[in-house]
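Enquirer: Everything below, folded, please.
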Amino acid sequence: MLSTRGSAADPGTGGTARATTTAPHPPATTSHPLRAAIVGGGPGGLYTATLLKRLDPARQVTVWERNAPDDTFGFGVVLSDETLGGIEHADPAVYAALQADFVRWDDIHIVHRGTRQTSGGHGFAALGRHRLLEILHERCHALGVELRFRTKAPDPVRLAEEYDLVVAADGVHSTTREAHREVFRPTLTGHRCRYVWLAADFAFDAFRFEIAETEHGVMQLHGYPYAADASTVIVEMREEVWRAAGFDELGEAESTARCAKIFADALGGRPLRSNKSAWTTFRTVVNERWSHGNTVLVGDAAHTAHFSIGSGTKLAVEDALALAACLEEQPSLPEALAAYEAERRPVVASTQRAARASLEWFEDLSRYLGQPPRQFAFNLLTRSRRVTHENLRLRDARFTGSVEREFGCPPGTPPMFTPFRLRGLTLRNRVVVSPMDMYSATDGVPGDFHLVHLGARALGGAGLVMTEMVCVSEEGRITPGCAGLYTGRQAEAWKRITDFVHAQAPGTAIGVQLGHSGRKGSTRLMWEGMDEPLPDGNWPLVAASPLPYKPGGQIPRELSRAQLTDVREQFTAAAVRASRAGFDLLELHCAHGYLLSGFLSPLTNHRTDAYGGSLEKRLRFPLEVFDAVRAAWPQERPMTVRVSATDWAEGGTSAEDAVAVARAFAAHGADAVDVSTGQVVADERPEFGRSYQTPYADRIRHEAGVPVIAVGAISSWDDVNSLILAGRTDLCALARPHLYDPHWTLHAAAEQGCEGPGVEWPAPYRAGSRRPVTGRTDVPKPRLTLRGPRQDV
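Expert: This is a model prediction of the structure:
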C-alpha cells in the first residue's frame, strides 16, 4: 500500500559507509554488468541490489541512499501472493524472512452512514515498512552489497561513465530521471485529493474503508494492519474539503489529532501517530522511455500507481525481478533493458489504468453516497474494474448475493438478465447490440446481409438490437454503402427486418439510430480506407462550420438557416418512416463528429450566430432536431441520444459539458443517453483500455439523473454484471463481441447457468443451450514432489 519513496533503515550499519574513489570504467558490452550502481535505498532499489548480487557474487553492487539508516517514511506495506511467489522463486531467504513477519487477513469492512458491510475471501499480507527494509538490508549485507547511507549519489552522467549499469530507484522525484528528462520524457500528473500517512497502535481486524460526511465535505479512511499491534491509517479528502476543514493551517501534531477525532469510531477512541507525515497530493508518473544507455528506471522513478490499489512497492519489486531476469537472459545490455521495458510496460500500464480508476472513484466519492449500502460497498470494491462481480462471488458468495437481492435480482438471475423499462418499452435484459456500420447497403436499401446480420443478433438473446447509423438523406451518408431512411423503398426493406425480429425473436426489441454524416461523409468503405475520400463520385458536404475532418480533406459548406430547416425536416421524415417500419426505439446520433455532434463540440463549431459560441447555443440545433423527431415519433416508444462525452483533444468537450448536454436532452424528453466518446477530430488522443468509456456514463447517470447506456471495450458478461450491479450504468452496449459471437448473450446465460424470462433460447436452438462436451485437456497433478536440500548463498 506504500509507494517507494527512496528511504532506508538498518540499525546494524553503524552510520555512513566510507566513500571510495573509483577511476572511470568503460561500460560492459554484455548483459552481465560487473559494476552496478543503485540510486535509492527503498524496497525497489534494495531488492534489485540483492538479486543482481545473488545472480553473480563477483558483481560489485553499490547502493546510494541520501537518508540515514534509521530514517523511514510511512508504516505498512502490502504485497500480493503473486509478488510473493516471484520473491520465493528468486530468493528463498528473503521470502522466508518476509513470511515470518507477515500479518494476514481476508476481510474488507466498508463503513458508511452507520452501517458496516463485510466482504471476505480477499487474502491480504502486510508487514511494517521498517521491517521490510531491515530484511533487505540484512540480505544485502549477507550477499556483500555495499550500502552508502547519508550519501548523495554522484552525478548521473558520472555514474553512467563509471559503472556498467545504473539503476534509478530514487522515487517520484528522481534526480536521475530529471538529469535525462529529454530522453525519458516524463509526465507527472497531479490529482484532486490530499492525503496523509499515519498509524494506530492496534491492529484492525480487516482492511477498513470508513466514510465521514463532515460539515466541510466528505473524508475517507483507508486502514489495514501491518503488525500484531499496529495499523496503517491513510486519511484522504478533496483539496477543497482539506482547506475548508483548516488542515492547511495545522501542524503535524494538530493535524494528526484532528484526524483521530474525526475517525474516533473507527479507532475506538485511540490516538493516531505520525512519522514526518505531511499532507500531499498523489502524482501519477509516466515515462515515454525507461532506459537511456546503461541507465534504467525502476519503481516510482519509472511509474506510480495510486495507493488505493496497493501497488507501489509491489510494482517496484516486480520491476526488480524482471530486470534481473532480463539481464540474465539477454546477450547484451541494450537488449536486456529493451526486454525489461517490453515485459513490464504493458503490466504497468494496465495497473496504472486500474489505479487511476480507483483514484478517481475516491475523488468523486460524494457522487455515490446516496446509493443503497450494499451497492455502495460493491461499487467501492469493484471501483478499479480489476475486482469484478464474478470474482467477488467466488470470494464471498454471501456478500455478493446480498447485493443482488438489494438490487432486485430474482434468485439465480445475474444482474445483466434483469429487465429495464424505457417509457412504454420493457427490455428483458440489460444487453444492447451496439450500432455498427456495415457499409453493405445498395442505394441506402438494407438487403439480405442486414436481415441476416441483425436477425442473427436478435436470435442471440440481447434485450435490444440497434441498427447501424441510418442516414436521413443521400448527402448525409458516410459512404456509398450506408443504409438510409429517406425513401419509401428503404422503409419497406427495414420493415422486412423488424418483422423478422418481432416474429422469430420475441422479447428482443430493435432500435434504429438516425444520423447525418456532416463533414465526415463522402468517404470510402471502411475496409477500403477509413475516412479517406472517394476516388471519384464525391458529393458536397455540409457541417456546422467549414472545417475539414482531416487536413487536405473536402471542406464542408456551413449550413445556412434555410438548410438547417431542411436537415431538421429530413430527420423528421426519417423518424416517421422508422415508426412505420416497426422500430421499437429511436436513437438520435449526436456523437463521433457527425453533423449534430459537430454542432456540440467547440472544436468543430466556430459559428458566430445563434447556433455557435456558448454550450447553450451549440446545443440549440441538436435540440431543435431532437424536439422535431420526438414530436414525430410515437409517444409510447422511447427515444435515446448518443453523445461523445469527450473529444479526447485539448479545448474540446469536457466532462462537465457532457453532463450539461445530457441534462439538456433529458429535459427535452430523452429516455436515456448512450455515452460514447471521441471520433470528433482526427488528431484525438484517446486513452484506450477495458471499459474505458464507462466512467463518463457513470458520471452522467449520477449527476444528470438520466438512465445511461455504457459502451466501449466492454467485452465480458462479468464486466456487464459488474457495471450494472455497481450502479454505473443501466444498459451495456457491446459491438465487437457480437461480431465475434452473434449469440453472445445466450452463451453468457449458459455459462452462468441462467434460465428465465431475462433470456430465452429460440425453440430451434434449445438443444444447443449447453456448452458442448469436449475432450479432457487437464492432466493428473503429481501426488508427491520430492525435493533435495536447497542451496543458497
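Enquirer: SS state for Ile555?
Expert: With DSSP: H, G, I helix; E, B strand; the rest coil as the basis, Ile555 sits in coil.
Enquirer: ok, it - contacts?
Expert: Each residue near Ile555 by CB atoms under 8 Å, 6 or more residues apart in numbering is listed here: 541, 546-548. Glycine gets a C-beta too; all of them are placed from N, C-alpha and C.
Enquirer: Tabulate the residues you listed (a markdown table), appending distance to Thr280.
Expert: What follows is these, written out as a markdown table (distance: CB to CB, whole Å):
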| residue | distance to Thr280 |
| --- | --- |
| Leu541 | 51 |
| Pro546 | 49 |
| Leu547 | 43 |
| Pro548 | 46 |
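Enquirer: Give me the neighbour count for Val183.
Expert: Neighbour count for Val183, taken as other CB atoms under 10 Å: 15.
Enquirer: nope, Gly269 is what I meant
Expert: Gly269 has 9 neighbours, counted by other CB under 10 Å.
Enquirer: do the same with the one 5 residues further on
Expert: Burial of Ser274 is recorded as 17 neighbouring residues (other CB under 10 Å).
Enquirer: That one and Thr256, how far apart?
Expert: Taking CB to CB, to the nearest Å as the measure, Ser274 falls 5 Å from Thr256.
Enquirer: tell me, what's touching the two both at once?
Expert: Shared contacts of Ser274 and Thr256, defined by CB under 8 Å, 6+ apart, are found at Leu198.
Enquirer: how about Ser358, what does it touch?
Expert: Applying CB under 8 Å, 6+ apart to Ser358 gives the contacts 306, 308-309, 383-384.
Enquirer: where does it land in three-state SS?
Expert: Here Ser358 is recorded as helix under three-state DSSP.
Enquirer: Now Arg150: which helix or strand?
Expert: Using DSSP states H and E, Arg150 sits in no helix or strand.
Enquirer: Surely it touches Trp64?
Expert: No - Arg150 lies out of contact with Trp64 (CB atoms under 8 Å); the separation is 9.9 Å.
Enquirer: Which of those two has more residues huddled nearby?
Expert: For Arg150 versus Trp64, neighbours defined as other CB under 10 Å are more numerous around Trp64 (25 against 15).
Enquirer: who touches that one in this structure?
Expert: 37-41, 148, 151-154.
Enquirer: ok, now Ala491?
Expert: Ala491 neighbours (CB under 8 Å, 6+ apart): 485, 577-578, 580-581.
Enquirer: sorry, back to before: which one (most neighbours) among the contacts of Ser358?
Expert: Scoring these on neighbours with other CB under 10 Å, the highest-scoring entry is His306 at 27 neighbours.
Enquirer: Pretty sure His222 sits in a strand.
Expert: Yes - according to three-state DSSP, His222 belongs to a strand.
Enquirer: and it, what pLDDT?
Expert: At His222, the pLDDT value in this model is 97.
Enquirer: returning to that earlier point: with distance to Glu656, secondary structure and neighbour count as extra columns, can I get the contacts of Trp64 in a markdown table?
Expert: Shown next, in a markdown table, are the contacts of Trp64 (distance: CB to CB, whole Å; DSSP: H, G, I helix; E, B strand; the rest coil; neighbours: other CB atoms under 10 Å):
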| residue | distance to Glu656 | secondary structure | neighbour count |
| --- | --- | --- | --- |
| Ala37 | 48 | strand | 28 |
| Ile38 | 45 | strand | 33 |
| Val39 | 42 | strand | 29 |
| Gly40 | 40 | coil | 33 |
| Gly41 | 44 | coil | 32 |
| Arg148 | 51 | strand | 21 |
| Thr151 | 49 | coil | 17 |
| Lys152 | 45 | coil | 11 |
| Ala153 | 44 | coil | 22 |
| Pro154 | 48 | coil | 18 |
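Enquirer: Give the buried residues for the worst-scoring helix or strand of the chain on mean pLDDT.
Expert: Using mean pLDDT, DSSP states H and E, the weakest-scoring helix or strand in the chain turns out to be helix 81-90, at a mean of 83. Of the residues in helix 81-90, 83-84, 86-87, 90 count as buried by neighbour count, 16 or more other CB atoms under 10 Å.
Enquirer: ok, Ala645 - how many residues close by?
Expert: Using other CB under 10 Å, Ala645 is surrounded by 25 other residues.
Enquirer: Repeat that for His592.
Expert: Neighbours around His592, by other CB under 10 Å: 22.
Enquirer: show me what contacts it?
Expert: In this structure, His592 makes contact with 520, 642, 644, 676, 678-680, judged by CB under 8 Å, 6+ apart.
Enquirer: Now do the same for it: helix, strand or coil?
Expert: Classification of His592 using three-state DSSP returns coil.
Enquirer: Can you pull the phi/psi pair for it?
Expert: phi 60, psi 20 (degrees, to the nearest 10).
Enquirer: cool, and Lys276?
Expert: Phi and psi for Lys276, reported as degrees, to the nearest 10, are phi 50, psi 40.
Enquirer: for Val235, same thing?
Expert: Note on Val235: its backbone torsions stand at phi -110, psi 130 [degrees, to the nearest 10].
Enquirer: How about Thr774?
Expert: In terms of degrees, to the nearest 10, the main-chain angles of Thr774 are phi -120, psi 170.
Enquirer: how far away is it from Gly753?
Expert: To Gly753, Thr774 is 18 Å away according to CB to CB.
Enquirer: For these two, indicate the residue with more neighbours.
Expert: Of the pair Thr774 and Gly753, Gly753 is the one with more neighbours under other CB under 10 Å, namely 9 against 6.
Enquirer: out of the contacts of Trp64, which one sits closest to Asp205?
Expert: Closest approach to Asp205 among the contacts of Trp64 (CB to CB): Gly41, at 33.2 Å.
Enquirer: Just confirm Leu588 is within a strand.
Expert: Yes - counting by three-state DSSP, Leu588 is part of a strand.
Enquirer: what stretches of the protein score poorly on pLDDT?
Expert: Low-confidence segments of the chain, defined by pLDDT under 70, span residues 1-31, 72-74, 776-793.
Enquirer: Just give me the longest strand of it.
Expert: Determined from DSSP state E, the single longest strand within the chain is strand 186-200.
Enquirer: quick one: the helices in the stretch 351-500 of the chain?
Expert: For the stretch 351-500 of the chain, applying DSSP state H, counting those that start in this stretch gives helices covering 373-381, 389-395, 397-407, 448-459, 488-504.
Enquirer: For Asp531, which of these is the nearest?
Expert: Going by CB to CB, the one of the helices of the stretch 351-500 of the chain nearest Asp531 is helix 448-459, 22.5 Å.
Enquirer: Now tell me what touches the closest one from outside.
Expert: With contact meaning CB under 8 Å, 6+ apart, helix 448-459 is reached by 433, 438, 440-441, 465, 467, 483, 493, 496-497, 500-501, 504-505, 508, 510, 738, 742-743, 762, 765.
Enquirer: How about stretch 536-547?
Expert: Outside stretch 536-547, the residues within contact range by CB under 8 Å, 6+ apart are 474-475, 480, 517-519, 521-522, 554-559, 563, 567, 595, 598-599, 604-607, 611-612, 621.
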